[in-house]
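1. Return a 3D structure for these sequence lines:
(2 chains)
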Amino acid sequence: MVQLKCLEPLSLICAGGCLDFWVSPLHPERPVDVRVPFTSLQAVKVFLEQNNIPYFILIKDLQRLVDDEKAQMVHQRSRALSVETFNYATYHTLNEIYDFMDLLVAERPNLVSKIEIGYSTEGLPLNVLKFSTGGPNRPAIWIDTGIHSREWVTQATGVWFAKKIISDYGKDESLTAILDKMDIFLEIITNPDGFVFTHTKNRMWRKTRSINAGSSCRGVDPNRNWDAGFGGAGSSKNPCSETYHGPHANSEPEVKAIVDFVKQHGNIKAFISIHSYSQLLLYPYGYTKTPVPDQKELDSIAKAAVTALSSLYGTSYRYGSIITTIYQASGGTIDWTYNQGIKYSFTFELRDTGRYGFMLPANQIIPTAQETWKALMVIMEHARDHPY
Amino acid sequence: MELEPSHYPAQRAAGVARACISYRRGGPNRVLTLSNVRRARLQVRGRERGPRGQAVNCTAEVLYHLGSQHSAPEVHFTVEGELGKNPDDADNKFYSRIKSLKEPLVAQNIPDSFGIVPPEMEPIRHLAFSACDYIIWQNSTENTWYNLAQIQDVRQVKRNDDYLEFDYTVLLHDFVSQEIIPWQMQVLWHPQHGVKVTQNSRQPK
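-> Coordinates of the predicted model:
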């Protein structure tokens, strides 16, 4: 019992909170398990070492374990067995979204197919859904979400868009008319490596996960890696920066895959890249102040799209060219696509304006998707009705 | 010079004005969000956040100091009507609740990865918004656009006097550089005396 008494001082260490004994000192032969608040750690270690009491760490970071478990539980909703029962009002992991894509294709094989356009740095497939009602190489609309991995509302809205398209085909006159003339390509997880990283290690990760030679910092900003004003002002040459443009244009497999796809397809008429947050609808350019030749037309489409968007929930968006509305940015996606001849090139910045920012509560996923869809429809209808 | 209200120079300056006003008038149950920039010079229409959510007109003048040494932008503002001068029920309730806690309050990741904020943490979050607004105001330039992204860590510091004190580590998001910047701040609050940031320092990434 003398041996047990010598542990008594431990119960007096309450610097950051008292020690929480999970297995109390009961018997000299039995181990003691104790949870130590972080700020008491030093004092406890000193005490144990000074008194020659052997110890080892069972769980290094209990909070992390609890958080992970909580995340698991949140995700352990019954595994969706159909597109109908899939939960659109919650955030999903990469595997859940990839499974969803397969479900979609399985349920509507005449409307949806899945194309692998390449592989990420870490070897994950880059999956694109193709919505088509026929034709060898119809004019097409491209939509991507999740190019910046921390912008979680975008991947979630991408999932909702996929469901919306298959639901509305044959029911909504306008969408049906679009699909009878054009194909829609949808890449939901445009940056899979980054997306996995936001789930497992750092919720705020933005870039790809490529290794930068000579630096301990990883990743390239995929929205500065395109061949349009590449390396100019509005991007960084520092690998540790969030806007690092990469060693050269298209260095990122995630970007190169889209570039190759667009060039090889040759018939894409509208290109929409989706980000969050700020509530903006933007058209080129970001790398130069020179207005695009089609500025007037793009501006009026943006105005109509934004009006349609806000008609649903009153969400207000600003619109304009990238360089006047948010900042100068070089090597951006839609600057490249526009210069390829894809006139209707737009970028969205979805909800909100900073109250939650990247951590948008899941109950806003569906309203965000619904209102954004209205704006997308305006753009797609315009592309349908103004072939070029 | 008139600025285009929807373009970013006016928007950023309006953000600075909002931050300054919000710091002066903010609290656990009140934060000012920017509703609209009507005219840039800069007529900022602020909307008071919280259960009441009333819209309030503010007029502000923002002066950026250019030069090698950074100093905080000057903000001169007028606010229409009474905005958060007197503590309300919610403020007093929050005050009593925290004062009577046996263990000092400790929390992490507000909101969490999924945007969830436990209801009892909302006032802690609003307080962080107000306090951050001081940091945002002090550190803003024409080339920054700061938002509070997340409270990484908050610990209450028990005091002998009437004030509540919290040690926050927050993550600020600068929209222009897209960087996430950890920042530590020591925050005092009292229902009558408002929010005060007594100490703050930028942390390594």
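2. Tell me the first helix or strand C-terminal of the helix or strand of chain B with the lowest mean pLDDT.
-> Evaluated with mean pLDDT, DSSP states H and E, the helix-and-strand set of chain B has its lowest mean pLDDT in strand B:43-48, which scores a mean of 50. Past strand B:43-48, heading to the C-terminal end, the next element that is a helix or strand (DSSP states H and E) is strand B:55-63.
3. Mind listing what's buried along that next one?
-> Taking 16 or more other CB atoms under 10 Å in any protein chain shown as the neighbour-count basis, strand B:55-63 is seen to contain the buried residues B:56, B:58-60, B:62. In short, each C-beta sits where N, CA and C put it, glycine included.
4. Report the buried residues of the longest helix seen in chain A.
-> Ranked by number of residues, the top helix in chain A under DSSP state H is helix A:365-385. When burial is assessed from 16+ other CB under 10 Å, helix A:365-385 yields the following buried residues: A:365, A:368-369, A:371-384.
5. can you pull the contacts of the residue of the stretch 101-250 of chain A found nearest chain B?
-> Nearest to chain B in the stretch 101-250 of chain A, going by CB to the nearest CB, is A:Glu242, at a distance of 3.9 Å. With contacts defined as CB atoms under 8 Å, 6 or more residues apart in numbering or on different chains, A:Glu242 is in contact with A:206-207, A:221, A:236, B:177-180.
6. Just put the residues you listed in TSV and tack on neighbour count, secondary structure and distance to A:His92.
-> Supplementary listing: the contacts of A:Glu242 in TSV, determined by neighbours: other CB atoms under 10 Å in any protein chain shown; DSSP: H, G, I helix; E, B strand; the rest coil; distance: CB to CB, whole Å:
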residue	neighbour count	secondary structure	distance to A:His92
A:Arg206	24	coil	19
A:Lys207	30	coil	21
A:Asp221	24	coil	24
A:Ser236	18	strand	31
B:Ser177	16	coil	30
B:Gln178	20	coil	24
B:Glu179	18	strand	27
B:Ile180	20	strand	23
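7. could I get the residues you listed as TSV with pLDDT?
-> Rendered in TSV, the data for those read as follows (pLDDT from 0 to 100):
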residue	pLDDT
A:Arg206	98
A:Lys207	98
A:Asp221	98
A:Ser236	98
B:Ser177	96
B:Gln178	97
B:Glu179	98
B:Ile180	98
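8. what's around A:Glu254, how many residues?
-> Number of residues near A:Glu254 (other CB atoms under 10 Å in any protein chain shown) recorded here: 28.
9. Same question for the one 4 residues further on.
-> Per other CB under 10 Å, the neighbour tally for A:Ile258 reads 29.
10. Model confidence for it, exactly?
-> At A:Ile258, the predicted lDDT confidence score is 98.
11. right, and it touches A:Pro222 too?
-> No. With contact defined as CB atoms under 8 Å, A:Ile258 does not reach A:Pro222; the gap is 9.3 Å.
12. Which residues are in contact with each of these two?
-> When contacts are counted by CB under 8 Å, 6+ apart, the set common to A:Ile258 and A:Pro222 consists of A:Thr190.
13. and B:Arg125, that's in a strand?
-> No. Assignment of B:Arg125 by DSSP: H, G, I helix; E, B strand; the rest coil gives helix, placing it outside any strand.
14. Can you list the low-confidence ranges for the stretch 1-150 of chain A?
-> Within the stretch 1-150 of chain A, the segments meeting pLDDT under 70 span A:1-3, A:15-17, A:70-79.
15. And the strands in it?
-> Counting by DSSP state E, counting those that start in this stretch, residue ranges of the strands within the stretch 1-150 of chain A are A:20-23, A:33-35, A:112-119, A:125-131, A:140-145.
16. Spell out which residues make up each domain of chain B.
-> Residue ranges for each domain of chain B read B:8-80, B:88-202, as given by the TED database.
17. Same check on chain A?
-> When chain A is cut into domains by the TED database, you get A:1-57, A:83-203+A:230-385.
18. picking up where we left off before, which of the domains of chain B sits closest to chain A?
-> Each of these was checked against chain A via CB to the nearest CB, and the shortest separation belongs to domain B:88-202, namely 3.5 Å.
19. That closest one and chain A, any residue contact?
-> Yes. On the criterion CB under 8 Å from any CB of the partner chain, domain B:88-202 is in touch with chain A at B:103, B:106, B:108-109, B:111-116, B:147-150, B:171, B:173, B:175-180.
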